[in-house]
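Peer 1: generate coordinates for the sequence data below:
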Amino acid sequence: MTAPGNLFDDANPPAQGERFDVLLAQRNLVIERIVSSDVVTPTTYTQPQDEWVVVLEGEARLSVAGTPHRLRRGDHLFLPAGVPHTVEHTANGTVWLAVHLPP
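Peer 2: Numbering: from 1, shown residues only. Down below sits the predicted model:
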C-alpha cells in the first residue's frame, strides 16, 4: 500500500514541452499525469495501445486522424491504438490524466 497523492502537487509546467509522470503501473494498465507548457512542438504519435485522456486544468488543441479537437477542463477523449494523433497547442499549465491500456 502507498500513501495518498494529489494530482496537483508539483504540477508546475516545464519551460517547454510536456512532463509525463507515471502515477500507477499495474498489470496491463498505466495511468499518468501529463503537465504541458505553452511551448509544444507538434509531434504525431501512433501508439500500440489504447489511451483515454481527460483535461483536468487548462486546454489543448489536437488532431486525431486529421480531425481537429479542442479540449477544455473536464473534456475527455478516447484514442484507439494505431490511430495517429498530434498535440498542436496547449495552454501553459494544462494538466491531463492519461490511462493507457496495452494490448
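Peer 1: okay, and for the chain, where does confidence drop off?
Peer 2: Applying pLDDT under 70 to the chain flags residues 1.
Peer 1: mind listing what's buried in stretch 9-17?
Peer 2: For stretch 9-17, burial by neighbour count (16 or more other Cβ atoms under 10 Å) applies to 11, 13. Quick note: C-beta positions are derived from backbone N, CA and C, even for glycine.
Peer 1: and it, end to end?
Peer 2: Its first and final residues considered, stretch 9-17 spans 19 Å by Cα to Cα, to the nearest Å.
Peer 1: list the contacts of that stretch.
Peer 2: By Cβ atoms under 8 Å, 6 or more residues apart in numbering, the surrounding residues in contact with stretch 9-17 are 19, 33, 35-41, 57, 92-95.
Peer 1: got it, and stretch 52-69?
Peer 2: By Cβ under 8 Å, 6+ apart, stretch 52-69 touches 7-8, 11, 34, 36, 70-79, 83-99, 101.
Peer 1: what residues sit buried inside it?
Peer 2: Using 16+ other Cβ under 10 Å as the test for burial, stretch 52-69 gives 53, 55-58, 60-62.
Peer 1: one step back: in the contacts of stretch 9-17, find the pair that's most separated.
Peer 2: Checking the contacts of stretch 9-17 against each other with Cβ to Cβ, the farthest-apart pair comes out as Thr41 and Glu57, at 21.5 Å.
Peer 1: quick one: buried ones out of the contacts of stretch 9-17?
Peer 2: Judged by 16+ other Cβ under 10 Å, buried ones among the contacts of stretch 9-17: 33, 35-37, 40, 57, 94-95.
Peer 1: just the residues you listed: which are in strands?
Peer 2: Counting by DSSP state E, the part of those found in strands is 33, 35-36, 57, 94-95.
Peer 1: got JSON lines for those, with distance to Gln47 too?
Peer 2: Rendered in JSON lines, the data for these read as follows (distance: Cβ to Cβ, whole Å):
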{"residue": "Arg33", "distance to Gln47": "17"}
{"residue": "Val35", "distance to Gln47": "19"}
{"residue": "Ser36", "distance to Gln47": "18"}
{"residue": "Glu57", "distance to Gln47": "24"}
{"residue": "Thr94", "distance to Gln47": "20"}
{"residue": "Val95", "distance to Gln47": "20"}
